[in-house]
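> I would like to see how this sequence folds:
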Amino acid sequence: MKFHKISFAFSLSLILAPAALAQTQGNLGATSTGQIDLDLQVTDSVEISRLANIDFGSYGGTSTGDLGSSEAYCVYVNGGDDYAITPTSSNGAASDDSDKFHLLGDTDGDEIMYTVKFVGAATGASAQAVTTYNTASATFQGSTSRTCGNADNAQLHIDIAESELREASTDTYQDTLILLVNPV
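Numbers count the residues shown, from 1 in each chain. Modelled structure (predicted):
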């Protein structure tokens, strides 16, 4: 009975052995042929580029309405595979609402909340997706070129409501938006 268990285990290990060990040595003769297997594992590679800072300028005096600005950029994913972006910021989440982003005043720490929307080549989702703080965006398709063919394949929209601007104290407000690209 022990013989059957050993025989079965040995047969199973031969069936499950990886093909990478299938090299064949040549024989001595006028010619000789050998064979080797080649193995390569490609892992995820992503890159976000072509970003530029957004300067909203000044708001006051006779200024009215919401403020909005867009920034186009390139997202490369090897194989043109899908990605999502998880945005955070150097200011952290807004103190009034942990799902919101905010600009922080230099002098008194006053906050101006803003929204972030991503636009790109959608894969199974809306081409435009508003996102919340530290939450992955919808899934988008990356470019197969690290330069996106010297063009952009994605866009970021930042919107600030007029009500936020009207409630803000006189100050200079800043934030650094951090965009973490994850292959999907």
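
> list the contacts for T172?
Contacts for T172 (Cβ atoms under 8 Å, 6 or more residues apart in numbering) come out as G105, D106, T107. Yep, even glycine has a C-beta here, placed from its N, CA and C like the rest.

> do the same with L156
Contacts of L156 (Cβ under 8 Å, 6+ apart): S70, E71, A72, Y73, V116, K117, F118, V119, L177, L179.

> Need the residues you listed in JSON lines (columns: neighbour count).
Output for these, formatted as JSON lines (neighbours: other Cβ atoms under 10 Å):
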{"residue": "S70", "neighbour count": "12"}
{"residue": "E71", "neighbour count": "16"}
{"residue": "A72", "neighbour count": "15"}
{"residue": "Y73", "neighbour count": "17"}
{"residue": "V116", "neighbour count": "21"}
{"residue": "K117", "neighbour count": "16"}
{"residue": "F118", "neighbour count": "23"}
{"residue": "V119", "neighbour count": "19"}
{"residue": "L177", "neighbour count": "18"}
{"residue": "L179", "neighbour count": "18"}
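
> burial count for N134?
Per other Cβ atoms under 10 Å, the neighbour tally for N134 reads 16.

> wait, it sits on G92?
No: here N134 lies out of contact with G92, judged by Cβ atoms under 8 Å, at a distance of 9.2 Å.

> can you tell me which of the contacts of L156 lies nearest to T31?
Nearest to T31, judged by Cβ to Cβ, of the contacts of L156 is Y73 at 56.4 Å.

> quick one: average pLDDT of the helix or strand where the closest one lies?
Assigned by DSSP states H and E, Y73 belongs to strand 67-77. For strand 67-77, mean pLDDT is 95.

> The nearest residue to E162 once chain neighbours are set aside: what's it in contact with?
In this structure, E162 finds its nearest non-sequential neighbour in D66, 5.1 Å apart by Cβ to Cβ, 6 or more residues apart in numbering. Counting by Cβ under 8 Å, 6+ apart, D66 touches D159, I160, A161, E162.

> ok, now which ones touch the first one?
Going back to what we said before, that points to D159. D66, L67, G68, Y114, T115, K117.

> Kindly reformat those as CSV containing distance to I48.
Converted to CSV, these look like this (distance: Cβ to Cβ, whole Å):
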residue, distance to I48
D66, 26
L67, 24
G68, 21
Y114, 20
T115, 20
K117, 16
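
> Sort out which one of the residues you listed lies nearest N78 for me.
Distances from N78 to the contacts of D159, taken by Cβ to Cβ, are shortest for K117, at 26.1 Å.

> And the pLDDT for the closest one?
For K117, the model assigns a pLDDT of 92.

> hang on, it packs against S137?
No: using Cβ under 8 Å, K117 is not in contact with S137, being 9.0 Å away.
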